[in-house]
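# How does the following fold in three dimensions:
(one chain, ligands or ions: 1)
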Amino acid sequence: MIPLPKFRYVEPTTLAEAAAILAAEGEDCQILGGGTDLVPSMRQGIFAPKTVLSLQAIDGLGRLEWSESDGLSIGAGVTLRRLETDATLRKLFPMLAQAVSEVASPSIRHMATLGGNLCLDTRCYYYNQSEDWKACSDLCLKVGGEFCKASPGGKAKKCFAVFSADVVPALIALKAQVTLVAKEGERTLDLAAFYSGDGARPNALKPGEILTGVVVPADRVGIKGSYLKYRIRQTIDYPIAGVALALRFGASGVVSEARLVLGGVASKPVLVKGIAELLEGQTLDRARIERAAQLARKAAIPQANTAGQRAHRKQMIHEFTTRAFEDLAREAR
Ligand SMILES: Cc1cc2nc3c(=O)[nH]c(=O)nc-3n(C[C@H](O)[C@H](O)[C@H](O)COP(=O)(O)OP(=O)(O)OC[C@H]3O[C@@H](n4cnc5c(N)ncnc54)[C@H](O)[C@@H]3O)c2cc1C
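This next block holds a predicted model:
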């Protein structure tokens, strides 16, 4: 096994203490949630923080609370296993439990936290490699090279590493909001706005900021949802195409709300444009489902930086969008 590099380990017990350490150490310090991505990435040489700051001893980050006025509040430190098995969450937001259960494996989900999933780094064939592997050719943009090797023609000055966290598309489909805390204070934003689309800096976290939790608004109860994940192996594997669909049905099967989010096919989760305009106020029929699947396929822009061919991944988005609509239409009937 590749040994871990040397680092200082700190375990603050309050958020204020954690924020102060992060402010003092800047980018030399990296946050540890469950460590299921950070630790293997450090072994691989992808991250080399001088200090690792664990959130595990901080009170409050393990909260999982439901209230009819404030919605579902989930602390960043809640493990995926707890989310997957929580009876209230499963009853109120089954799509979320479904998406969580698709991450990695049960043993990884026992350790992995929601915060770590939301802040997961983007992945790429040219980036998630050992130092020795990378040293054998020009470096990619994300590690200081000139161009993104995965970009069309390999000449783009923008990083195209792929967004691969399974839980995020479902949370965006449910209009979740995220809270970030730093020494200077706190800010809340729509989870959809948290992601930048730049594979090199995939989210809006500023140096010194900690993601402390998410809220799924109370009015999302009653939404029907489906998360479908395409991966090469039907076992531990990242998504190479994922579809999260949230629909609300009104009287006589008319769609009153529709939101479709894709994962694994761009450098950020993709909120598919035109879905609400196409479907709200309408019943679901074959032609409208096909039109929605075409919109999803067009919005997916996979690059040649992970397993699976680009055209096939786009086709799987089309297939899974169709399947998700058909499943929810059947459920509504
Ligand atoms: C074999 C394997 C298979 C996997 N398969 C999948 C998969 O199918 N789908 C999937 O989504 N993921 C997968 N993962 C990745 C990972 O296990 C999950 O995404 C997990 O949810 C990460 O959570 P964590 O708490 O372990 O994160 P950590 O490893 O602790 O952290 C991940 C990143 O987030 C940052 N971070 C963590 N918490 C915070 C916070 N509160 N505020 C700010 N930054 C923070 C860390 O600094 C780090 O950069 C896989 C990992 C492995 C090893």
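# Okay, buried residues for stretch 27-43 please.
Buried residues in stretch 27-43, counted by 16 or more other C-beta atoms under 10 Å: 29, 30, 31, 32, 33, 34, 35, 36, 37, 38, 41, 42. C-beta coordinates here come from the backbone N, C-alpha and C atoms, glycine included.
# pLDDT averaged over it - what is it?
For stretch 27-43, mean pLDDT is 97.
# do that stretch and the ligand meet?
Yes - on the criterion C-beta under 6 Å from any ligand atom, stretch 27-43 is in touch with the ligand at 30, 31, 32, 33, 34, 35, 36, 37, 38, 40.
# coming back round to it: let's have the buried residues of stretch 27-43 in JSON lines, adding secondary structure.
Shown next, in JSON lines, are the buried residues of stretch 27-43 (DSSP: H, G, I helix; E, B strand; the rest coil):
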{"residue": "29", "secondary structure": "strand"}
{"residue": "30", "secondary structure": "strand"}
{"residue": "31", "secondary structure": "strand"}
{"residue": "32", "secondary structure": "strand"}
{"residue": "33", "secondary structure": "coil"}
{"residue": "34", "secondary structure": "coil"}
{"residue": "35", "secondary structure": "coil"}
{"residue": "36", "secondary structure": "coil"}
{"residue": "37", "secondary structure": "coil"}
{"residue": "38", "secondary structure": "helix"}
{"residue": "41", "secondary structure": "helix"}
{"residue": "42", "secondary structure": "helix"}
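# Quickly check the residues you listed for the two that are furthest apart.
Farthest-apart pair in the buried residues of stretch 27-43 is 29 and 36; separation 19.1 Å (C-beta to C-beta).
# Give me the local confidence score for residue 314.
At residue 314, pLDDT is 97.
# Could you give me the buried positions within the particular helix or strand that has it in it?
According to DSSP states H and E, residue 314 maps onto helix 310-332. Buried residues in helix 310-332, defined by neighbour count with 16+ other C-beta under 10 Å: 310, 313-314, 316-325, 328-329.
# How far off centre is that helix?
In terms of C-alpha atoms, centre = their mean, to the nearest Å, the centre of helix 310-332 is found 19 Å from the chain centre.
# Same question for stretch 256-264.
14 Å.
# Give me the contact status of it with the ligand.
No - no part of stretch 256-264 sits near the ligand under the criterion C-beta under 6 Å from any ligand atom; the closest distance found is 8.4 Å.
# which residues sit against the host helix or strand of residue 293?
Assigned by DSSP H and E, residue 293 falls within helix 286-299. Under the contact criterion C-beta atoms under 8 Å, 6 or more residues apart in numbering, helix 286-299 has outside partners 243, 260, 262, 270, 272-275, 278-279, 282, 314-315, 317-319, 321-322, 325-326, 329.
# coming back round to it: of the residues of stretch 27-43 next to the ligand, which pair is most distant in space?
31 and 40 (15.7 Å).
# For the closest residue to the ligand within the stretch 101-250 of the chain, give me the pLDDT.
For the stretch 101-250 of the chain and the ligand, the shortest gap (C-beta to the nearest ligand atom) falls at residue 116, measuring 2.0 Å. Looking at residue 116, its pLDDT stands at 98.
# Are we agreed that it is in a helix?
Yes - Residue 116 forms part of a helix when assessed by three-state DSSP.
# I'd assumed residue 39 was in contact with it.
No - Residue 116 lies out of contact with residue 39 (C-beta atoms under 8 Å); the separation is 10.7 Å.
# And for residue 111, nearest residue in space, chain neighbours not counted?
Of all residues not flanking residue 111 in the chain, residue 34 sits nearest, at 3.9 Å (C-beta to C-beta, 6 or more residues apart in numbering).
# Check residue 27 too.
Residue 27's closest residue in space is residue 207 (C-beta to C-beta, 6+ apart), at 5.6 Å.
# Point out the other helices and strands that whatever helix or strand residue 22 lives in packs with.
Counting by DSSP H and E, the element that carries residue 22 is helix 15-25. When contacts are defined as 3 or more C-beta pairs under 8 Å, 6 or more residues apart in numbering; DSSP states H and E, helix 15-25 sits against strand 29-32, strand 51-54, strand 177-182, strand 210-216.
# burial measure for residue 116, as a count.
If you count neighbours by other C-beta atoms under 10 Å, residue 116 ends up with 25.
# mind checking how far residue 110 is from residue 117?
Here the distance between residue 110 and residue 117 works out to 14 Å (C-beta to C-beta, to the nearest Å).
# which one of those two has more residues nearby?
Neighbour totals were compared for residue 110 and residue 117, and residue 117 leads with 26 against 14 (other C-beta under 10 Å).
# Kindly provide the distance from that one to residue 277.
Residue 117 is 30 Å from residue 277, by C-beta to C-beta.
# Then residue 195?
Using C-beta to C-beta, residue 195 is found at 23 Å from residue 277.
# go on, residue 218?
Relative to residue 277, and taking C-beta to C-beta, residue 218 is found at 26 Å.
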